[in-house]
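Colleague: For reference, the sequence and a predicted model appear below.
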Amino acid sequence: MLVTLIILVFITTVVCEIGARREWLPYWVIRKILHVVAVGACAVATLIIDRQLLTDIVAIAEVLLIVLVASGKLMRDETGRLAWGVVWFPLAFLLLLLFNVDTKIVAFSMAALAICDASATVAGKLLAKNSYQLTGDSKSLAGNLGFVGSFLVLYMLAGPVIPALDFTGVCFIAIIVASAEAVGSRGLDNLTVPIATAFLLGAFVTNPISSSALMLLIVFGIIFALLPRIQKSLTGGGIVAAILLAVVVVVGSRGVEWLLPLFAFFGSSLLISRVFPSESAAGDDKHQRPRDATQVLANGMLYGLLIAVFWDFDPRNFFPLRNEALALTAVAIATADTWSSEIGQHFKQPTYDLIRWQKVPPGLSGGVSTVGTLAGLAGSAFLVGCFFWLLPNPSFGLCLKITLAGFLGMLLDSLLGSLFQAKYKDPFIDELNDTGDTDETPVRGYSWVTNDLVNFMAILIGVAVFGFFLSL
């Protein structure tokens, strides 16, 4: 059966590649045919092939796909960009296999990606009159409804193999997963859909939770995510991303108290920007604007993942101390960086590049000032001081370590910004800035390295390094 599936996917890939070049069918139709066959084969393989063998095959296939896509050997998407979407779905599949998710849930999650994502595209292409954008790619309400409807049908057909849910609970999960699809651009929905599906369904297997309890937690998460909208501090995409993040936190931790650090981060950042307003020609084009989905996920995604992936679902046992400390460290780094940036730009003190130690305009990524640095330390201390009680066995020493880790993570953000973030030169005033035209070549750094990516990498590396030392 394994050989049959491999041959089927190979033949489909070749035929679709030829069909795309010869324009046998509309390009999006050909791509979705390949999508359904390839992802559907993953769902079937999960149920009939030894898990370790399948994991090895998927890992090898993932490496080959990265090479083929990067070299331009596979078909591109409709906009002419490299089709990285074909890389994301095997990565999601590999993660589900490695994290020992229940086999039936893995199969259902991949089937949901194969069927529901394709249904959303078909409904959007044929029925949508208007579209919207949350993170870049165009989405539509018709596509969202197509996704939810096909998810419900798929669950009615395949759901009996998974612990039963009532209709309301399935509807909630379908809507949340459809939201995860809506925020995915450039093929990232191939990663978000199966991960979100497996995570929510897994909540009923690892430690069973009633549908009513799940809905209550999700409602709390949605209310939390909508609060910043009152001050118009989030875009539409930012709201959807915040809701997804909140749902991950409340379902992963089985409570609402771990929403509080996120609320303190977003709330204090908003307050700081109002109390210390700043305008900087050197900063990126998102400064002083409502946060979009990318910004929300860059600052909060790792926090959510730490809770979703590593949390202990059994409320009778305390979770290992170091992992809760890591979650608090992630949001402490984000808080320190935001406070440092906002307050540093407001006071406009002499600012220097952290690596070259040359004077740069306030607000330029990689620049540090005395007041901004102290503000970053204050932000980290504020976050830890407010929520140290979330740790099962808090101590002054541990709180001091987390505060210091948040501060060092803020400095790491400046380090990465100085080394890698794209910087452009304004020809009129002969100064560097973080914003350039889409076709402009940066004078420093790489055009694809944005401030959001730097924020995420600083949090990821900072948490990883702190976790390593904490485990010694």
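Modeller: Perfect, thanks for sending it.

Colleague: Tell me the buried residues in the helix or strand where Ala61 lies?
Modeller: Ala61 belongs to helix 51-70 when assigned by DSSP states H and E. Neighbour-count burial for helix 51-70 flags 54-55, 57-58, 61-62, 65, 69 (criterion: 16 or more other C-beta atoms under 10 Å). Bear in mind the C-beta positions are built from the backbone N, C-alpha and C, glycine included.

Colleague: Nearest to Arg254, out of these: which one, please.
Modeller: Closest approach between these and Arg254, by C-beta to C-beta: Thr55, at 28.8 Å.

Colleague: can you pull the pLDDT of the residue lying closest to Asn144 once chain neighbours are set aside?
Modeller: Spatial nearest neighbour of Asn144, chain neighbours left out: Ala178 (5.2 Å); criterion: C-beta to C-beta, 6 or more residues apart in numbering. pLDDT for Ala178: 91.

Colleague: before we move on, back to that, need the buried residues of helix 51-70 in TSV (columns: distance to Ala327 and pLDDT).
Modeller: Below are the buried residues of helix 51-70 laid out as TSV (distance: C-beta to C-beta, whole Å; pLDDT from 0 to 100):
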residue	distance to Ala327	pLDDT
Leu54	31	89
Thr55	27	91
Ile57	34	89
Val58	29	89
Ala61	33	86
Glu62	28	87
Leu65	32	81
Val69	33	75
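
Colleague: Which single one of those residues is nearest to Pro194?
Modeller: Closest approach to Pro194 among the buried residues of helix 51-70 (C-beta to C-beta): Val58, at 12.5 Å.

Colleague: Can you name the helix or strand that the nearest residue to that closest one once chain neighbours are set aside falls in?
Modeller: The shortest distance from Val58 to any non-neighbouring residue, by C-beta to C-beta, 6+ apart, is to Leu94 (4.8 Å). Using DSSP H and E, Leu94 sits in helix 85-98.

Colleague: one step back: ok, now which ones touch the residue nearest to Val58?
Modeller: 55, 58-59, 62 (C-beta atoms under 8 Å, 6 or more residues apart in numbering).

Colleague: Distance check, it against Leu244.
Modeller: Distance, Leu94 to Leu244, by C-beta to C-beta, to the nearest Å: 22 Å.

Colleague: what's the spacing between Leu188 and Glu342?
Modeller: 29 Å.

Colleague: neighbour-wise, which of those two wins?
Modeller: Comparing Leu188 with Glu342 by other C-beta atoms under 10 Å, the one with more neighbours is Glu342, at 26 against 19.

Colleague: Tell me who's in contact with Phe387.
Modeller: By C-beta under 8 Å, 6+ apart, the neighbours of Phe387 are 260-261, 264, 328.

Colleague: Among those residues, which lie within helices?
Modeller: 260-261, 264, 328 (DSSP state H).

Colleague: Of those, which is the nearest to Pro394?
Modeller: Leu328 (9.9 Å).

Colleague: I'd say the residue nearest to Asn144 and Val148 touch.
Modeller: Yes: contact criterion C-beta atoms under 8 Å: Ala178 and Val148 qualify, at 5.1 Å.

Colleague: The two: who's more crowded?
Modeller: Using other C-beta under 10 Å as the criterion, Ala178 and Val148 rank with Ala178 on top: 25 against 22.

Colleague: is it fair to say that one lies in a helix?
Modeller: Yes: Ala178: assigned to a helix according to DSSP: H, G, I helix; E, B strand; the rest coil.

Colleague: show me what contacts it?
Modeller: 116, 120, 144, 147-148, 151.

Colleague: What is the end-to-end distance of stretch 417-435?
Modeller: Stretch 417-435 has its terminal residues 13 Å apart, counting by C-alpha to C-alpha, to the nearest Å.

Colleague: Adjust the sequence numbering to begin at 662 for everything that follows.
Modeller: I'll keep to 662 as the first residue from here, and by that count the last item is stretch 1078-1096.

Colleague: Show the average pLDDT along it.
Modeller: Mean predicted confidence for stretch 1078-1096 is 75.

Colleague: Going by residue numbers, what spans are strands in the stretch 912-1061 of the chain?
Modeller: Taking DSSP state E, counting those that start in this stretch, the strands of the stretch 912-1061 of the chain run over residues 1012-1014, 1020-1021, 1028-1029.

Colleague: So which of the ones you listed is nearest Ala997?
Modeller: strand 1028-1029 (12.2 Å).

Colleague: So what touches the closest one?
Modeller: 943, 1001, 1005, 1012-1015, 1021-1022, 1072, 1075, 1079.

Colleague: so which of those would you say is closest to Lys800?
Modeller: Out of the contacts of strand 1028-1029, the member with the shortest distance to Lys800 (by C-beta to C-beta) is Ala943, at 33.2 Å.

Colleague: picking that back up, dump the buried residues of helix 712-731 into CSV; add distance to Thr1096 as well.
Modeller: Shown next, in CSV, are the buried residues of helix 712-731 (distance: C-beta to C-beta, whole Å):
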residue, distance to Thr1096
Leu715, 45
Thr716, 43
Ile718, 44
Val719, 40
Ala722, 39
Glu723, 34
Leu726, 33
Val730, 29
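
Colleague: okay, and for the stretch 912-1061 of the chain, where does confidence drop off?
Modeller: 939-949, 970-983 (pLDDT under 70).

Colleague: swap the cut-off to 50 and go again
Modeller: 973-982 (pLDDT under 50).

Colleague: Rebuild the contacts of Leu755 as JSON lines, extending it with distance to Ser934.
Modeller: JSON lines is the format used below for the contacts of Leu755 (distance: C-beta to C-beta, whole Å):
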{"residue": "Thr716", "distance to Ser934": "46"}
{"residue": "Val719", "distance to Ser934": "44"}
{"residue": "Ala720", "distance to Ser934": "44"}
{"residue": "Glu723", "distance to Ser934": "41"}
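
Colleague: from these, which single one is nearest Ala819?
Modeller: Using C-beta to C-beta, those come closest to Ala819 at Val719, 21.0 Å.

Colleague: Name all residues that make contact with that closest one.
Modeller: Per C-beta under 8 Å, 6+ apart, neighbours of Val719: 703, 751, 754-755, 758.

Colleague: How about Leu963?
Modeller: 991, 1117, 1120-1121, 1124 are the contacts of Leu963 under C-beta under 8 Å, 6+ apart.

Colleague: can you list the residues you listed in JSON lines and add distance to Gly1037, secondary structure and neighbour count?
Modeller: Converted to JSON lines, these look like this (distance: C-beta to C-beta, whole Å; DSSP: H, G, I helix; E, B strand; the rest coil; neighbours: other C-beta atoms under 10 Å):
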{"residue": "Ala991", "distance to Gly1037": "15", "secondary structure": "helix", "neighbour count": "29"}
{"residue": "Phe1117", "distance to Gly1037": "17", "secondary structure": "helix", "neighbour count": "22"}
{"residue": "Ile1120", "distance to Gly1037": "13", "secondary structure": "helix", "neighbour count": "28"}
{"residue": "Leu1121", "distance to Gly1037": "18", "secondary structure": "helix", "neighbour count": "17"}
{"residue": "Val1124", "distance to Gly1037": "16", "secondary structure": "helix", "neighbour count": "23"}
